[in-house]
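Undergrad: Build the 3D model from these lines:
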Amino acid sequence: MGRLACVWVPVFSAAAVERCEPDLVERPLAVVRGTPPARRVVEANEAAREQGVAPGMTETEARARCPGLVSRPWSEDHVRSAHLALLEALYAVSPRVEDAGPGLAYIDTTGLDRLWGGIQALGEQLLAQARAVGLRARVGIAGSRVAARVAARLPRAGAAGRVILVPEGREAETLAAAPIDVLDLPAELAATLARWGLGTLGAVAAVPRRELARRLGPAGLRLHDLARGIDREPFQPWTPPPFWVEAQGLEWELGDLEALTAVLRLLLA
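TA: Residues are numbered from 1 along each chain as shown. Predicted coordinates:
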């Protein structure tokens, strides 16, 4: 397999709301769950975070910090629809797209750089595909999933709409400074690493593999691989959901609703 691109849409549930309501893109927005007065912020867009809104706050606390805050309830339908739109948009660039969860996908770039005029141009096209369905993404391209993901997610990657290329052979350098939280580890494992003082992937990679295996078992082996940018799992291409189209050519004009209904009834039979 060649280099991999990671397409990541930050704070995806908020991005899914903005996709449905574009006028909210520049306004402070929080996605909330629960019932008042215990309703809490799940995610907040950049405008809201700049004013101190953070996940875990009650909606009341968030509004105290940001009086102009707009809140919307968390919607599974919005998230599912936005993620499907993202996958379908990326599939138009490459048939080898891997679904990695809401707002996250990997693309096998093998052969695509020649098709799109270079790896940078390919990354720009992936960004354009995301924008076309109302999503502002980041793209990282590297020799492994984890390195591409780190490139897309690191703060130095800047605002959404950037392509970050990791030069071949420089994956270890990119990974070394990355904080552990870019891996979205289970909370218990993340807490354990914090107690051990392992805050970066470089620190984890420096621990002997055998020692991590002794302390954490199989999870330690996988963690050590990820910290070194090693992907042992095979690429799993996403398959678009099936759809069917039925058409009927007509040799005459449909002049009334009753005639149209009769034709539609035949198509649906």
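
Undergrad: Every contact and neighbour count from this point should use C-alpha atoms.
TA: Will do.

Undergrad: Tell me which stretches of the stretch 51-200 of the chain form helices.
TA: 59-65, 76-91, 112-116, 119-132, 145-153, 171-176, 187-195 (DSSP state H, counting those that start in this stretch).

Undergrad: Please dump those helices into JSON lines; it should also carry mean pLDDT, distance to Pro28 and mean neighbour count for every row.
TA: Listed next are the helices of the stretch 51-200 of the chain as JSON lines, based on pLDDT from 0 to 100; distance: least, Cα to Cα, whole Å; neighbours: other Cα atoms under 10 Å:
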{"stretch": "helix 59-65", "mean pLDDT": "95", "distance to Pro28": "10", "mean neighbour count": "18"}
{"stretch": "helix 76-91", "mean pLDDT": "96", "distance to Pro28": "18", "mean neighbour count": "19"}
{"stretch": "helix 112-116", "mean pLDDT": "87", "distance to Pro28": "36", "mean neighbour count": "14"}
{"stretch": "helix 119-132", "mean pLDDT": "95", "distance to Pro28": "20", "mean neighbour count": "20"}
{"stretch": "helix 145-153", "mean pLDDT": "91", "distance to Pro28": "21", "mean neighbour count": "27"}
{"stretch": "helix 171-176", "mean pLDDT": "84", "distance to Pro28": "32", "mean neighbour count": "19"}
{"stretch": "helix 187-195", "mean pLDDT": "93", "distance to Pro28": "28", "mean neighbour count": "13"}
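
Undergrad: Including distance to Glu50, could those helices go into CSV?
TA: Formatted as CSV, the helices of the stretch 51-200 of the chain follow (distance: least, Cα to Cα, whole Å):
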stretch, distance to Glu50
helix 59-65, 10
helix 76-91, 23
helix 112-116, 37
helix 119-132, 23
helix 145-153, 18
helix 171-176, 27
helix 187-195, 25
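
Undergrad: So which of those is nearest Ala206?
TA: helix 171-176 (9.5 Å; Cα to Cα).
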